[in-house]
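K.L.:
Return atomic coordinates for the entry below.
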Amino acid sequence: MTASPEIQNRIQKLRDKLEHANYRYHVLDDPALTDIEFDRCLKELSQLEADYPGMQSPDSPTNKVGGAVAKEFASIEHMQAMLSLDNVFSADDLSSFVDRVRSRIEDDPSLEGKLAELDFVAEPKLDGVAVNILYRDGIFECAATRGDGSSGEDISQNVKTIGAVPLKLKGKLKGKLKDKSGPIPEFIEVRGEVFISHAGFAMLNAMQISQGEKPFVNPRNSAAGSLRQLDSSITAARPLDIYFYGVGAHSDDFNFESHEELLNRFQDFGLRVSPLVKRVTGLSGLLKYYEILMKQRPNLEYDIDGVVYKINSLSQQRSLGYVARAPRWAIAHKFPAQEERTQVLDIDVQVGRTGAITPVARLEPVFVGGVTVSNVTLHNRDEIERLGVRVGDQVIVRRAGDVIPQIVKVVVREPETESKSYEFPKSCPDCDSPLHFDDELVVVRCTGGLVCSAQQKERIKHFASRRAMDIEGLGDKVVEQLLAANKVTDVADLFDLKVEQLEGLERFAEKSATNLINSIADSRETSFARFLYALGIMHVGEVTARQLAVEFSSITDVQIASLERLTAIDDVGPVVAQSICEFFAVAANIDVITRLEKAGIHWPAVERSADNSSPNSDFMDEVVVVTGALSSMTRSEAQHRLRELGAKVTGSVSSNTTRVIVGDAPGSKARKAEALGIQILSETEFLEWIDSKKG
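P.N.:
You can find the predicted model right below:
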């Protein structure tokens, strides 16, 4: 049925009215409609869209009520990575951060003059769930969780139901708006924190209890669970809220000079920003804001676990750049951890996937920092001795940074309290192999290696984990069952499993067994970086695995790489390089990898042009350093390209260096090259140089 002009006009008027009401209610905290009137308009619009399907639109307010049940969450790759923040816990640590920032900025030749004080934007650090939302031409396109920083779960339908998330940004598209606020960009990723207020949490738990359901433990967990509902209508019924705090990738038509200006633009777009955001100056301004927020914390309507400080100037942010997975221009100042008193019931040890023996204190369960804590790691022998902790002691437990529980100190023992000192075992509690005590690293390891089932359990769990091979359904209990029943002895055995082998295990029927076998089969198609990370090489995390995947074209290339070659790679120091070499020197590890390849594990081949297929003699004498951020490729890709051409790529500038390639914010390496008279090439000159040598 085709809608008449009158019907079309009515639908548009209802949408405009509801959008404006949402903006007034969620962003301005100034309701324009009563709840009854809002519901009446929404009901009328829903009926009209049902009667005239051709008038349905993805940015309609009716999409906030939830819809069909999803089968699973797909993955969405962020256009720009979602990084984490480094933390500080004291005024001294914060002072050191400010000093480092000042020093880097003043050393940057592109930023002239000495700084009187640094300008920051300070804001509360909400204890919620970070999300990334992409708008294209002002229309909500998709939303994802942070995930591993590079990609996250597609939670678009659930995020659409959040009242404070506009489905259409306010303003006009490029060329239609001439005021100072600027037009809506062609595309923009906005980052926000989804949370549930204290009042909303109380209401949600009251509803849970009335329905005979178990109440949620804390607002953050309930927010995270709400975002991961397969039925978005359930999410729509949850009291989710959001504040927007940052930007990811965006089109060139979106410009701003400071973080403060960015947040003002957000509000122009109808994106809700925390009213507690404030621009402050210098260390004294940061500390004053921190003290104010800490006093306000008990009276706020939502949970916060600290304060976030960001350099206000965008040019200074660019100068500072990033390190590993965090920006140098921002820091989280965590509030003092919450503490509770409890008793140590026992101390035992756990065996990790690398054989590391970690002592663990078993506690009388205690509720601290929003969760129930019953186990706390004691890290190593030195930590036990430092604390003087004994079984039976009363101790103070703290959630450091509101995240990791730890024992702070032993409470003075009462005379009648019986306690006994803990003696570290001499052999592995799992395989009875001797333990190796390394006095230098204070790490105790089981020497059992491949015969230690505890190590195999942890290795298999790591191999199957979400960020590794992502084998759904292969959790802790299943791994334990498979090992106990001798169905597997290492990760390669997983790919030989049959449905009938699983059916006899606890909780396994034909359907669940088939699902696990299919999940294992699906994991055969992966990425080189995931596979390297899944191998569980000591010190090789996700970032290092990605660097290795860029540098090398095959697992064989990594296997035969020399210590010198590995050390020259960014993020691979001597300790990591030695660990990689030692891993591939073990025949049993090579055997497992060979069996995995025969089982069909594969990943897309790295495309290489004919021009770069063999070393070029013109580059054989070149010793090159790449520094700063390149626009046409990553630094690792540039280094990889140079090595393929025959050049030696190093991580530091010396008298042997022949050329230094500089991108944005190159830092001290460029200055050292200039002082030594070494040739410096811009990115454009670098590309012209390697192009001139082709053929």
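K.L.:
Now residue 394: closest residue in space, sequence neighbours ignored.
P.N.:
Excluding the flanking residues, the one nearest residue 394 by Cβ to Cβ, 6 or more residues apart in numbering is residue 411, at 4.2 Å. (Each C-beta comes from the backbone N, C-alpha and C, glycine too.)
K.L.:
didn't the one you found look like it was pressed against residue 340?
P.N.:
No: Residue 411 lies out of contact with residue 340 (Cβ atoms under 8 Å); the separation is 11.4 Å.
K.L.:
Mutual contacts of the two, please.
P.N.:
Here residue 411 and residue 340 have residue 396 as joint contacts, going by Cβ atoms under 8 Å, 6 or more residues apart in numbering.
K.L.:
quick one on the thing from earlier: let me see the contact set for the residue nearest to residue 394.
P.N.:
Here residue 411 is in contact with 341, 393, 394, 395, 396 (criterion: Cβ under 8 Å, 6+ apart).
K.L.:
Now the buried members of those.
P.N.:
Burial by neighbour count, judged by 16 or more other Cβ atoms under 10 Å, picks out 393, 394, 395 from those.
K.L.:
So which of these belong to helices?
P.N.:
In helices, judged by DSSP state H, none of the buried ones among the contacts of residue 411 are found.
K.L.:
model confidence over stretch 283-303, on average?
P.N.:
Across stretch 283-303, pLDDT averages out at 92.
K.L.:
what residues does that stretch touch?
P.N.:
91, 94-95, 98, 117, 120, 122, 124, 126-128, 195-199, 218-220, 241, 276, 278, 280, 304, 307, 309, 333, 335, 370.
K.L.:
okay, the contacts of residue 411 in a markdown table with distance to residue 384 next?
P.N.:
A markdown table is the format used below for the contacts of residue 411 (distance: Cβ to Cβ, whole Å):
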| residue | distance to residue 384 |
| --- | --- |
| 341 | 19 |
| 393 | 11 |
| 394 | 16 |
| 395 | 12 |
| 396 | 16 |
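K.L.:
now, which of the residues you listed sits nearest residue 86?
P.N.:
Nearest to residue 86 among the contacts of residue 411 is residue 396, at 26.2 Å by Cβ to Cβ.
K.L.:
ok, now which ones touch that closest one?
P.N.:
Contacts of residue 396 were listed using Cβ under 8 Å, 6+ apart, and they are 339, 340, 341, 407, 408, 409, 411.
K.L.:
In three-state terms, how would residue 680 be classified?
P.N.:
Classification of residue 680 by DSSP: H, G, I helix; E, B strand; the rest coil places it in strand.
K.L.:
That one and residue 669 touch, don't they?
P.N.:
No: applying Cβ under 8 Å, one finds residue 680 not in contact with residue 669, separated by 9.8 Å.
K.L.:
Comparing these two, which residue is more hemmed in?
P.N.:
Neighbour count, other Cβ atoms under 10 Å: between residue 680 and residue 669, residue 669 has more, with 21 against 17.
K.L.:
re earlier: tabulate the contacts of residue 411 (CSV), appending distance to residue 484 and pLDDT.
P.N.:
Shown next, in CSV, are those (distance: Cβ to Cβ, whole Å; pLDDT from 0 to 100):
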residue, distance to residue 484, pLDDT
341, 38, 89
393, 34, 89
394, 37, 90
395, 34, 91
396, 38, 90
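K.L.:
Quick check: residue 674 touching residue 668?
P.N.:
No: at 10.5 Å, residue 674 and residue 668 do not qualify as touching, with contact defined as Cβ under 8 Å.
K.L.:
what comes up buried for the longest helix along the chain?
P.N.:
Among the segments of the chain that qualify as a helix by DSSP H, the longest is helix 5-26. Neighbour counts over helix 5-26 (16+ other Cβ under 10 Å) mark 10, 11, 14, 15, 17, 18, 19, 21, 22, 23, 25, 26 as buried.
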